[in-house]
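# what follows is a predicted protein model with its sequence.
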Amino acid sequence: MRILILGGSGFVGRATAELAVARGHDVTVFNRGRRDPVAHVTTLTGDRLATGGLDALRDGAWDTVIDTWSAGAAAVGAAAALLSGRATNFVYVSSRSVYRWDLDAPPLAEDSPLADVDDPGYAGDKLRAEIATAAFDGPVLLARAGLILGPYEDIGRLPWWLGRLHTGGPTLAPGPRDLALQYIDVRDLAAFLLDAAGRHGPFNVVSPPGHTTMGELLDIANEVTGAHADLRWLPGEDIAAAGVQPWTQLPIWLTPETGYAFMHQGDVGKALAAGLSCRPARDTVTDTWTWLQTLPGGAPQRTDRPQPGLDPQIEAKLLGI
């Protein structure tokens, strides 16, 4: 197939471009040209926020367009309109954040209530972008991804844990150990984007609830980084009472009060029926650590997202050391 990826050099876009090339597709990527491109792709350069920034896309035709944009919706709508009639399918990488933040809700499915379209934050951006894809005249797949982990992660969640465990010593582990987690390996997300192209409508693209646990994830991470850490499990309520922020200071982990059910108990039956497959947690953790070892400057970090991690002094105080 002829595939156009809007992005294609960062996290989700890079994993998707690599997989598409490996499958033998003819891959074009469009981005600002600020990162090294994936091998064997055609690169078009432009800034979607600048006047005339989409000019490089005014010619050409593709079977599938995959848009990984994560900011304001206008850029998505402009691309969808420009490519309408010159591409068969459009895939937009959205987010489960588009659902209404209701901590008492049952597992969120594709027909669950959505956030306020006027929300000025990330949820609103994603929801408005979904609406903007209506400018494309053809099937539009809305891939509502959950927590995304794996190689090329530039948010810093799993890389932070791997780095902390590699440092070793007494290490705060947020309980309970059997806390069920739900995430998607970026490579499994990429496979779904390619395989499901041509379908229409929203799909929650994340692993089944309980794909792994906090205990399994940290045990594997400790093992693959050299088993240097002495994991000290503390009850989640004690950690939260000390003022530690779930998700940011202790990445991946959430409490019932901070959105655990929203993030880790989503309904993914529709995506599974459409062919979503999720690799074991060990593969995700091991491959992310292997990738990190190739980066002399450390893990990349997006400037538009807060840098995750817990201050060592706060950790030591909580552990009583």
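Received, thanks. All values derive from a computational prediction rather than experimental measurement.

# can you list the low-confidence ranges for the stretch 1-150 of the chain?
Residues of the stretch 1-150 of the chain meeting the criterion pLDDT under 70: 103-104.

# in it, which spans are strands?
Using DSSP state E, counting those that start in this stretch, the strands of the stretch 1-150 of the chain run over residues 2-6, 26-31, 42-45, 62-67, 87-95, 140-145, 148-149.

# as CSV, these with distance to residue 244 and mean neighbour count would be great.
Yep, even glycine has a C-beta here, placed from its N, CA and C like the rest. Listed next are those as CSV, based on distance: least, CB to CB, whole Å; neighbours: other CB atoms under 10 Å:
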stretch, distance to residue 244, mean neighbour count
strand 2-6, 37, 25
strand 26-31, 36, 23
strand 42-45, 43, 15
strand 62-67, 36, 24
strand 87-95, 25, 24
strand 140-145, 26, 24
strand 148-149, 21, 24
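
# mind putting those strands into JSON lines with distance to residue 75?
Formatted as JSON lines, the strands of the stretch 1-150 of the chain follow (distance: least, CB to CB, whole Å):
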{"stretch": "strand 2-6", "distance to residue 75": "9"}
{"stretch": "strand 26-31", "distance to residue 75": "11"}
{"stretch": "strand 42-45", "distance to residue 75": "15"}
{"stretch": "strand 62-67", "distance to residue 75": "9"}
{"stretch": "strand 87-95", "distance to residue 75": "11"}
{"stretch": "strand 140-145", "distance to residue 75": "16"}
{"stretch": "strand 148-149", "distance to residue 75": "20"}
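
# apart from its neighbours in sequence, what residue is nearest residue 72?
The spatially closest residue to residue 72, leaving aside those adjacent along the chain, is residue 125, at 5.9 Å (CB to CB, 6 or more residues apart in numbering).

# same question for residue 172.
Leaving aside its chain neighbours, residue 172 sits nearest to residue 315 (4.9 Å; criterion: CB to CB, 6+ apart).

# for that neighbour, pull up the helix or strand it's in.
helix 312-319 (DSSP states H and E).

# related to what we said a few turns ago, contacting residues for the residue nearest to residue 72?
Contact partners of residue 125, counting by CB atoms under 8 Å, 6 or more residues apart in numbering, are 70, 71, 72, 73.

# looking at the residues you listed, which has the most residues close by?
residue 70 (21 neighbours; other CB atoms under 10 Å).

# look up how far residue 191 lies from that residue.
Applying CB to CB, to the nearest Å, the value for residue 70 to residue 191 is 20 Å.

# quick one: contacts of stretch 239-247?
172, 174-175, 236, 250, 253-255, 257-259, 308, 310, 314, 317-318.

# which stretches in the stretch 151-300 of the chain count as helices?
157-167, 186-195, 214-224, 236-241, 260-264, 269-273, 281-292 (DSSP state H, counting those that start in this stretch).

# Serialize these to JSON lines and add fields for mean pLDDT and mean neighbour count.
What follows is the helices of the stretch 151-300 of the chain, written out as JSON lines (pLDDT from 0 to 100; neighbours: other CB atoms under 10 Å):
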{"stretch": "helix 157-167", "mean pLDDT": "98", "mean neighbour count": "22"}
{"stretch": "helix 186-195", "mean pLDDT": "98", "mean neighbour count": "22"}
{"stretch": "helix 214-224", "mean pLDDT": "98", "mean neighbour count": "21"}
{"stretch": "helix 236-241", "mean pLDDT": "95", "mean neighbour count": "16"}
{"stretch": "helix 260-264", "mean pLDDT": "93", "mean neighbour count": "21"}
{"stretch": "helix 269-273", "mean pLDDT": "98", "mean neighbour count": "16"}
{"stretch": "helix 281-292", "mean pLDDT": "98", "mean neighbour count": "19"}
